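1. The following block contains a protein sequence and its predicted model.
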Amino acid sequence: MSNNNNRLAVKLPGLDMKNPLMPASGTFGFGDTAITKKIDLNKLGAMVIKTVTREERVGNPQPQISVINNGVLNSVGLAGPGVEVVVNEKIPQIHQQYPDLPIVASVAGGDVEEYVEVAEQLSKAPINMLEVNVSCPNIKNGGLSFGTDPNLVSEITQKIKDKVNQLPVYVKLTPNVTNVVQIAKAAEKGGADGLSMINTVLGMHIDVKTGKPSLGNVMGGLSGEAIKPIAIRMIYQVAQEVDLPIIGMGGVSNAEGVIEMFMAGASAVAIGSAHFKDEHVIEHIVETLPQLMDDLKIDSLQQLHEKVRRSFQ
């Protein structure tokens, strides 16, 4: 088998990627964070920007991030400059610097109207896909409640698709539900072109020395290695029932994690918390993936994906 990197190429609606890897939303900001200055973004399969809301937001009280054993808690709360700045400045800057890099814009809102309005504005920027974040557990008016209500998920998806039907729309699912397949089917019913899953698991950590929560917002979203088995289980469940491409995420930090996500039913993989330990984690996975594929006798990721939609029962 050759070590030719087109073995890593994957195609999803809106995304023609030379490898299956992208940063999870928020990880690389708008391509303007300290970490992105050290990385060649052309090494990515796609670039996912930070979630965008209508107005500028300062986010939740500090501290917003707490690194714990096997994971990271965050309650950033969708801090950002607002959609106008993102459309007029942030996205054009990325596109100008990396003209061949597929760009995914993430959208959120406090009500259905804000979701639709922000999605419509983002669609005017040079992006390849919209990711609808119905699952952020950090904003009080919306967020968690949207992503746990199948009717709302379906409604938001459908209304966004009606306004931006030229763009593929992926819905980012929350794990904070008892029946993730039900929510995935609601997104499918609303016309989603794909799914991103999973978002963070609602968690909390108390510093026993101070007796206080380690996050200013008390609770936050848990990501990292600790949640990978949850992500794999949910991706597998959804892939059995819903015929939409899935961008898998949750605790992946190496080539084995990428293959595991594909074997569960994912078509691509986003990486977030692993950057706390290795800023070049995506590049390192791209380098080590072909050898692992050789060892496992996998010709290409596209073929692997087509082969694995099966039941383990």
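-> In hand now; what should we look at? Fair warning: this is a prediction, and the values are worked out from it, not measured in the lab.
2. Which pLDDT value belongs to Met197?
-> Predicted confidence (pLDDT) at Met197: the value is 98.
3. For burial, what's the neighbour tally of the closest residue to it other than its chain neighbours?
-> Nearest in space to Met197, with sequence neighbours left out and distances taken as C-beta to C-beta, 6 or more residues apart in numbering, is Leu173 at 4.2 Å. For glycine as for every other residue, the C-beta is placed from the backbone atoms N, C-alpha and C. A total of 27 residues lie near Leu173 under the criterion other C-beta atoms under 10 Å.
4. and the residue lying closest to Ile65 once chain neighbours are set aside, bridged to which residues?
-> Nearest non-adjacent residue to Ile65, counting by C-beta to C-beta, 6+ apart: Asn74, 5.0 Å away. Per DSSP bridges, the residues bridged to Asn74 are Ile65, Gly221.
5. List the residues that contact Ile235.
-> Residues in contact with Ile235, defined by C-beta atoms under 8 Å, 6 or more residues apart in numbering, are Met197, Ile198, Ile246, Gly248, Met261, Ala264, Gly265, Ala266.
6. Mind picking the two most distant members of these?
-> Ile198 and Gly265 (12.8 Å; C-beta to C-beta).
7. Between those two, tell me which one has more neighbours.
-> The neighbour comparison of Ile198 against Gly265 (other C-beta under 10 Å) goes to Ile198, with 29 against 22.
8. Could you look up the SS state of Pro99?
-> coil (DSSP: H, G, I helix; E, B strand; the rest coil).
9. wait, what's in contact with the residue nearest to Leu222 when sequence neighbours are not counted?
-> The spatial neighbour of Leu222 that comes closest, neighbours along the chain excluded (C-beta to C-beta, 6+ apart), is Gly203 at 3.6 Å. Gly203 makes contact with Gly71, Leu73, Met219, Gly220, Gly221, Leu222, according to C-beta under 8 Å, 6+ apart.
10. Relative to Lys212, how far out is Gly203?
-> Counting by C-beta to C-beta, to the nearest Å, the gap from Gly203 to Lys212 is 16 Å.
11. Let me know the pLDDT of the closest residue in space to Met17 that isn't next to it in sequence.
-> Spatially, and ignoring its direct neighbours in sequence, Met17 is nearest to Gly45 (3.5 Å; C-beta to C-beta, 6+ apart). If you check Gly45, the pLDDT there is 98.
12. For Gly45, list the residues it contacts.
-> Gly45 touches Leu8, Val10, Leu15, Met17, Lys18, Asn19, Pro20, Leu21, Met22, Pro102, Ala268, counting by C-beta under 8 Å, 6+ apart.
13. For the fourth one, which residues count as its bridge partners?
-> To tie it back to what came earlier, the one meant is Met17. For Met17, the beta-bridge partners under DSSP bridges are Val10.
14. thinking again about what came up before, would you format the contacts of Ile235 as JSON lines with distance to Gly147 included?
-> Formatted as JSON lines, the contacts of Ile235 follow (distance: C-beta to C-beta, whole Å):
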{"residue": "Met197", "distance to Gly147": "11"}
{"residue": "Ile198", "distance to Gly147": "10"}
{"residue": "Ile246", "distance to Gly147": "16"}
{"residue": "Gly248", "distance to Gly147": "17"}
{"residue": "Met261", "distance to Gly147": "20"}
{"residue": "Ala264", "distance to Gly147": "20"}
{"residue": "Gly265", "distance to Gly147": "20"}
{"residue": "Ala266", "distance to Gly147": "19"}
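15. So which of the residues you listed sit within strands?
-> The strands, defined by DSSP state E, take in Met197, Ile246, Gly248 from these.
16. Could you verify my assumption that the last one touches Gly272?
-> No: Gly248 is not in contact with Gly272 according to C-beta atoms under 8 Å; the separation is 11.9 Å.
17. who has more neighbours, these two?
-> Between Gly248 and Gly272, counting by other C-beta under 10 Å, Gly248 is the more crowded of the two (30 against 24).
18. Setting the sequence-adjacent residues aside, check what's closest to the more buried one.
-> In space, Gly248 is closest to Ala266, 3.2 Å off (C-beta to C-beta, 6+ apart).
19. same deal with Glu55?
-> Gly82 (5.0 Å).
20. after the lowest-mean-pLDDT helix or strand in the chain comes which helix or strand?
-> When each helix and strand of the chain is scored by mean pLDDT, DSSP states H and E, helix 144-148 comes last, with a mean of 78. Note on helix 144-148: by DSSP states H and E, the next helix or strand toward the C-terminus is helix 150-163.
21. Only the buried residues of that following helix, if you could.
-> Pro150, Leu152, Val153, Ser154, Glu155, Ile156, Thr157, Gln158, Lys159, Ile160, Lys161, Lys163 (16 or more other C-beta atoms under 10 Å).
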